[in-house]
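Visitor: Take a look and give me a structure for this.
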Amino acid sequence: PLQGDRDFHSAIVRSCGNSVLIDTVQRFWDARRGPMFERMVDHFETPESWNAAIDEHRKVLAAIRSHDAAQARIAMHEHMDRSHTRFNVSWRQTKRSKETRP
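Guide: The predicted model follows:
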């Protein structure tokens, strides 16, 4: 799922033609392939979280295909907000489980 996620976001960013945004997103994805993210993947990426992200991607894509820029923007903002929330929830759960270990 990670490569598909990268391809999805990269295609959208490239279509914007903003070189600074393209570079920023590519750096983010490159960092996700780093050792820190590799160790964290099992804690933060679950089948449920990927299914939610894919559903959100479908909403973004539907808006893009219908040439509805306003709805595409809303759908992408919702996706980014929900992704952030999923990460934060996972982070807190991981932190709590470490704190309760003997």
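Visitor: Glu78: neighbour count?
Guide: Neighbourhood size, Glu78 [other CB atoms under 10 Å]: 13. For every residue, glycine as well, the C-beta is placed using N, CA and C.
Visitor: and what of Trp50?
Guide: There are 15 residues near Trp50, going by other CB under 10 Å.
Visitor: these two touch, right, it and Pro1?
Guide: Yes. With contact defined as CB atoms under 8 Å, Trp50 counts as touching Pro1 (4.5 Å).
Visitor: Distance from whichever helix in the chain runs longest to the middle of the chain?
Guide: As assigned by DSSP state H, the longest helix anywhere in the chain is helix 69-99. Relative to the centre of its chain, helix 69-99 is centred 8 Å away, using CA atoms, centre = their mean, to the nearest Å.
Visitor: So for that helix, what gets flagged as buried?
Guide: Neighbour counts over helix 69-99 (16 or more other CB atoms under 10 Å) mark 72, 75-76, 79, 86, 90 as buried.
Visitor: now that helix: mean pLDDT?
Guide: Mean pLDDT, computed over helix 69-99, is 84.
Visitor: Centroid-nearest residue for the protein?
Guide: With distances taken as CA atoms, centre = their mean, Ser83 lies nearest the centre of the chain, 5.5 Å away.
Visitor: tell me the contacts of that residue?
Guide: Residues in contact with Ser83, defined by CB atoms under 8 Å, 6 or more residues apart in numbering, are 53, 56.
Visitor: distance of it from Thr46?
Guide: Per CB to CB, to the nearest Å, Ser83 is found 13 Å from Thr46.
Visitor: Would you quantify the distance from the residue nearest to the centre of the chain to His67?
Guide: With CB to CB as the criterion, Ser83 and His67 are 25 Å apart.
Visitor: now His84
Guide: Counting by CB to CB - His84 and His67 are separated by 27 Å.
Visitor: Also Phe28?
Guide: 27 Å.
Visitor: Compare these two and say which is more crowded by neighbours.
Guide: Phe28 (11 against 8).
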